[in-house]
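Chemist: Please find the sequence and the predicted model below.
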Amino acid sequence: WLTINEYQGLIKNYSSLGLVQLSNYILPLITLPYLSRILGVDFFGLIMMAQAIMIYLTIITDYGFNLSATKEIAKNRDNLSKISEIFCSVFLIKTTLLVISFLILMGIVELIPLFKTHALLFYFSFLIVVGNTFLPTFLFQGIEKMSFLAFFNLFAKIGFTGLIFIVIQSSSDYYLVHGLWGLSYIVVNLVSFYIIVTKLQIKLKIPAISTIKTYYKLSFEYFLSRVAVAVYLNANIIIIG
């Protein structure tokens, strides 16, 4: 069965996703002990709380598209015009949600004294949201080309891990931690967009408003399910913080 193309593709994509998940668990084991020692308890707690806030904002910008848009692209994987329509619609919605998320963050920073004191940390941390917003995971999953994204994803995480040891040298550098994380993903986004336009030949165009509304409504229930899980997993960090 290893000689069958369909199984070969399945194994390749499964391995790629496995590599991404493996890096999610292994690389933090390298950086977290270093950061906790260099930054100390107070600043380490602050970056963990900032990370929890960014997870919520990322869920807003993702809006469940990693599930709904992946499904729609998989259903139309042989229709380049339809894939282009889905891709452009999703990114326009994500861009709008990114602006809304930034306005929410500004409001939180202005209203909560602790956040305002460390405003630079939270604004630098927002680069994580920017990086994740434009990471085209849904597209590569839908067309079953995860090896592209997995490779660059791993490269970004290794780069981020290296930069942590080079840049973060004292507790005063605490605000840069998430900025480095976000920048590594922005680099991946730029490379991914190059592949999308040149190799995958996705056409960038502005879809009709009715089309954008359709994909927005389609993903709403997926968004609600992601919010429910996120509240359960991350609320304790923010409450304790």
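Modeler: Noted; the coordinates are in hand.

Chemist: any idea where the helices of the protein begin and end?
Modeler: Assigned by DSSP state H, the chain shows helices spanning 5-62, 65-75, 80-111, 113-117, 119-133, 137-142, 146-167, 177-198, 209-218, 220-240.

Chemist: mind putting those in JSON lines, mean pLDDT and mean neighbour count included?
Modeler: Bear in mind the C-beta positions are built from the backbone N, C-alpha and C, glycine included. Formatted as JSON lines, these follow (pLDDT from 0 to 100; neighbours: other C-beta atoms under 10 Å):
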{"stretch": "helix 5-62", "mean pLDDT": "84", "mean neighbour count": "16"}
{"stretch": "helix 65-75", "mean pLDDT": "90", "mean neighbour count": "20"}
{"stretch": "helix 80-111", "mean pLDDT": "94", "mean neighbour count": "17"}
{"stretch": "helix 113-117", "mean pLDDT": "91", "mean neighbour count": "12"}
{"stretch": "helix 119-133", "mean pLDDT": "93", "mean neighbour count": "21"}
{"stretch": "helix 137-142", "mean pLDDT": "86", "mean neighbour count": "23"}
{"stretch": "helix 146-167", "mean pLDDT": "81", "mean neighbour count": "18"}
{"stretch": "helix 177-198", "mean pLDDT": "87", "mean neighbour count": "18"}
{"stretch": "helix 209-218", "mean pLDDT": "91", "mean neighbour count": "14"}
{"stretch": "helix 220-240", "mean pLDDT": "80", "mean neighbour count": "13"}
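
Chemist: Apart from its neighbours in sequence, what residue is nearest the spatially most central residue of the chain?
Modeler: Nearest to the mean C-alpha position of the chain, by C-alpha atoms, centre = their mean, lies residue 132 at 2.3 Å. Leaving aside its sequence neighbours, residue 132 sits nearest to residue 58 (C-beta to C-beta, 6 or more residues apart in numbering; 4.8 Å).

Chemist: go on, residue 108?
Modeler: residue 115 (5.8 Å).
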